[in-house]
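Asker: Provided below for reference: sequence and predicted model.
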Amino acid sequence: MGWGSFSINPATPSPGPTSDTFTTFVPLKNLVTDVASIVKAAPIEVVQAAYVRAARQLSGESRWLRYTPSPDSQMAANTRQYNLSFSDANVEIIGIAAAAVQDLASSWHPLKTLSSPNSLDLNAQPNFPAWYAYIDEAQVMFDPIPNLAYTWRVQLIVQVALTATAMPTEFVNKFNRRIEAGALAFLYGMSGESWYNPNEAARFNMEFQEGINQAKAWVNRGFQGGSVRANGRAFLAS
């Protein structure tokens with residue numbers, strides 16, 4: 001998969017083609033100045049690590065940050081399993097929010113979600129895919145096995161990587177204050193350091209957890225429904 005675009009509002013996958021470039025990123029060094037000015041005794045490398053840890057936790061627990069690769073991908077006939085990948089070290093794939101497959105008449109059909117690869121019908125004959133199952137380590141499997149080389153589109157759930165040196169602009173515009181609170185909670189919670197302050201750690205952690213819960217609520221409002229097997233994520237492409 002190639003370059004794509006991040007979703008500012010992850011509640012509904014955006015229809016139609018996506019841009020061939022990422023939206024802008026903010027360098028990590030530009031994001032930690034306020035935290036560093038509060039915990040002055042902490043080395044800047046420690047402050048940066050705390051910020052990345054907080055951003056990773058918020059994005060991972062909330063599953064708010066979405067990415068739509070572009071161009072669309074191709075299935076191969078009689079091949080069930082595929083790798084999901086893209087070239088950016090700042091984020092990593094942790095799931096699939098939605099997917100759709102294009103038939104030979106160029107019409108798009110949402111793929112429904114299987115809760116586990118164990119739910120795959122291994123005896124089904126190859127046909128037009130109707131289901132997908134995400135597999136850890138950024139892989140996906142389809143059910144039935146594609147009988148032809150269909151085009152498909154996916155909206156990935158991503159989280160900030162431990163090696164991140166920059167953050168998606170939309171993400172920090174939305175959550176920077178909460179991420180800063182998380183970074184401060186981690187820093188003040190470092191027992192044995194001169195800046196250790198458990199009371200401040202608890203205070204900032206409360207604000208950080210409120211941010212995670214808020215992001216989770218936004219995601220949940222966008223993806224409501226019944227059982228996983230019965231209800232597919234709406235992802236209609238034009």
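Answerer: All right, it came through fine. Bear in mind the structure is a predicted one, so any value in this text is a computation, not a measurement.
Asker: Quick one: the helices in this structure, in order.
Answerer: Ranges of helices in the chain, per DSSP state H, are 28-31, 33-38, 44-62, 169-188, 198-222.
Asker: among those helices, which is nearest residue 91?
Answerer: helix 44-62 (7.9 Å; CB to CB). C-beta: built from backbone N, CA, C; applies to glycine.
Asker: Which positions in the closest one come out as buried?
Answerer: 46-60, 62 (16 or more other CB atoms under 10 Å).
Asker: Of the residues you listed, which is the nearest to residue 170?
Answerer: Out of the buried residues of helix 44-62, the member with the shortest distance to residue 170 (by CB to CB) is residue 59, at 11.5 Å.
Asker: Run through the bridge partners of the residue lying closest to that closest one once chain neighbours are set aside.
Answerer: Leaving aside its chain neighbours, residue 59 sits nearest to residue 159 (4.2 Å; criterion: CB to CB, 6 or more residues apart in numbering). Judged by DSSP bridges, the bridge partners of residue 159 are residue 92.
Asker: so residue 159 touches residue 54, yeah?
Answerer: No. Using CB atoms under 8 Å, residue 159 makes no contact with residue 54, being 11.8 Å away.
Asker: neighbours around the residue nearest to residue 59, how many?
Answerer: Counted with other CB atoms under 10 Å, the neighbours of residue 159 add up to 22.
Asker: quick one: contacts for it?
Answerer: 56, 59-60, 63, 65, 91-92, 94 (CB atoms under 8 Å, 6 or more residues apart in numbering).
Asker: ditto for residue 157
Answerer: Taking CB under 8 Å, 6+ apart as the test, what residue 157 contacts is 63, 65-66, 93-97.
Asker: Widest-spaced pair of these?
Answerer: Greatest spacing in the contacts of residue 157, by CB to CB: 65 and 96 (13.2 Å).
Asker: Distance from the chain centre to stretch 49-59, please.
Answerer: Distance, stretch centre to chain centre, for stretch 49-59: 13 Å (CA atoms, centre = their mean, to the nearest Å).
Asker: How about the residue in this structure that sits furthest from its center?
Answerer: Distance from the centre of the chain peaks at residue 194, with 35.4 Å (CA atoms, centre = their mean).
Asker: can you pick the most crowded of the contacts of residue 157?
Answerer: Taking other CB under 10 Å as the neighbour criterion, residue 65 ranks highest of the contacts of residue 157 with 29 neighbours.
Asker: That one contacts residue 91, correct?
Answerer: Yes. In this structure residue 65 lies within contact range of residue 91 using CB under 8 Å: 7.1 Å.
Asker: Need the overlap of contacts for the two.
Answerer: Residues touching both residue 65 and residue 91 (CB under 8 Å, 6+ apart): 59, 158-160, 168.
Asker: just curious, which of those residues is nearest to residue 136?
Answerer: For the shared contacts of residue 65 and residue 91, the residue nearest residue 136 by CB to CB is residue 159; the value is 13.3 Å.
Asker: Check what pLDDT that closest one gets.
Answerer: We note a pLDDT of 94 for residue 159 in this prediction.
Asker: rewinding a little: tabulate the contacts of residue 159 (TSV), appending distance to residue 130 and pLDDT.
Answerer: Below are those laid out as TSV (distance: CB to CB, whole Å; pLDDT from 0 to 100):
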residue	distance to residue 130	pLDDT
56	34	98
59	30	96
60	29	97
63	24	94
65	27	91
91	29	92
92	28	93
94	24	94
